[in-house]
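Visitor: Okay, here's the prediction I keep looking at, along with the sequence it came from:
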Amino acid sequence: MPEGDTVFRAAAKLREALAGKELTGCDVRVPRYAAVDLSGQVVDEVISRGKHLFIRVGSASIHSHLKMDGAWIIGRVRAPAYKIRIVLQTADSRASGVDLGVLEVLDRATDMDVVAHLGPDLLGEDWSASVAAANLMAAPSRPLAETLLDQRVMAGVGNVFANELCFVFGLLPGTAVAQVSDPLRLANRAQQMLWANRMRVNRTTTGNTRPGQDVWVYGRAGLPCRRCGTPIETDRGGERVTYWCPTCQR
C-alpha cells in the first residue's frame, strides 16, 4: 500500500501538472459522479493529508485514496481503460487516476471533514510530535506495529515504515506500546523517515539508496540482518505482513 511519502510525491507531481491551469476535460468514471464535469474551471491547488489526496477545482474537491494498488499518472497511461477512474485534461497535460481505492467529488468548503479523524500528518503543517506520541501511548497494551499503522495516531505510516521503525527501536512488531521507552523520539524518527523520502522514488530507511541496501528488514525474510547476520523472520498470518530480526528486536 502506498505510504504518506508516496502520496506527498503524487500530490507534488499533480500540482506541477495541473495547478493554475484550466481543465479542458474532466472524465469521472465512477457511476455516482459520472455527470460531474469540471471543464472550464481552474485547478486551484493539490494537497495531501496523510494518505489522502485532494485536487481543488472551483467549489469542488476531488478526493482520492490510493489504497493498495492506486496511482496518479501524468501523461500516457499503459493500464487497461477499465482501471482508469478519472481523467483530468489541460491544454498541455493529462492526469489519470488508476485503480484508485477511493474517488469522490466533494464540496470544497467541507472536504477536510473526511480526514478530520486523522492524527497529525507526518508531512503536513499540522505535524506535532508531542500529539503523535500521546496518541501512540493512549492504548498501552496495543501492539506497536498495529498502532503505528493506525492513521488516527499519526497520518502517513504504512507497513514498510511500521516494520522499519520497530527494527530501529529494537522492538518486535507485536510488542505492547507500553514498552516504548521514548515515544517522543519514536514519533520524531517516524517523521524524519518520511520527510527524507518524500521526493524519492526509491525509498530508503537505512540511508543507503543502492538496490538491496535500502531497508533493514522489510521484504528481507530469510536474508541476514544487516546488523547481526541473523536471518530475518516474517509472519504473513495477520492483516499485514511483519518482518523482524529475532536477535536485534526483543
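Guide: Great, that's in hand.

Visitor: Please enumerate the helices of this structure.
Guide: Under the criterion DSSP state H, the chain contains helices at 4-18, 129-136, 144-149, 159-168, 183-197.

Visitor: and Gly229, which of those is closest to it?
Guide: The stretch from those with the least distance to Gly229 (Cβ to Cβ) is helix 159-168; that distance is 14.4 Å. To be clear about C-beta, it is placed using only N, CA and C from the backbone, and glycine gets the same treatment.

Visitor: That closest one: which residues count as buried?
Guide: Neighbour counts using 16 or more other Cβ atoms under 10 Å place Asn159, Val160, Phe161, Ala162, Asn163, Glu164, Leu165, Cys166, Phe167, Val168 of helix 159-168 among the buried residues.

Visitor: so where do the strands sit in the protein?
Guide: 25-28, 43-49, 52-57, 60-65, 71-74, 84-89, 94-98, 102-107, 233-235, 242-244 (DSSP state E).

Visitor: Walk me through the domains of the chain.
Guide: According to the TED database, the chain comprises the domains 4-115, 129-244.

Visitor: now, of the helices of the chain, which is deepest in the fold?
Guide: Of all the helices of the chain, helix 159-168 has the most neighbours on average by mean count of other Cβ atoms under 10 Å, namely a mean of 24.

Visitor: residues in contact with that one?
Guide: For helix 159-168, contacts defined as Cβ atoms under 8 Å, 6 or more residues apart in numbering pick out 1, 3, 144-145, 148-149, 157, 172-173, 175, 186, 189-190, 193-194, 203, 205, 215-218, 240-245, 248-249.

Visitor: one more time with 7 Å, if that's ok
Guide: If you take Cβ atoms under 7 Å, 6 or more residues apart in numbering as the criterion, helix 159-168 is touched by 1, 3, 144-145, 148-149, 172-173, 186, 189-190, 193-194, 203, 205, 215-218, 240-245, 248-249.

Visitor: how about CSV for the helices of the chain, with mean pLDDT and distance to Lys51 added?
Guide: CSV is the format used below for the helices of the chain (pLDDT from 0 to 100; distance: least, Cβ to Cβ, whole Å):
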stretch, mean pLDDT, distance to Lys51
helix 4-18, 97, 5
helix 129-136, 98, 15
helix 144-149, 98, 11
helix 159-168, 98, 12
helix 183-197, 98, 11
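
Visitor: In stretch 96-111, which residues are buried?
Guide: Residues of stretch 96-111 classed as buried under the neighbour-count rule (16+ other Cβ under 10 Å) are Ser96, Gly97, Val98, Asp99, Leu100, Val102, Leu103, Glu104, Val105, Leu106, Arg108, Asp111.

Visitor: With distance to Ala17 and pLDDT added, can I get these in TSV?
Guide: Listed next are those as TSV, based on distance: Cβ to Cβ, whole Å; pLDDT from 0 to 100:
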residue	distance to Ala17	pLDDT
Ser96	11	98
Gly97	13	98
Val98	15	97
Asp99	19	96
Leu100	17	97
Val102	21	97
Leu103	18	98
Glu104	21	98
Val105	19	98
Leu106	21	98
Arg108	20	98
Asp111	20	98
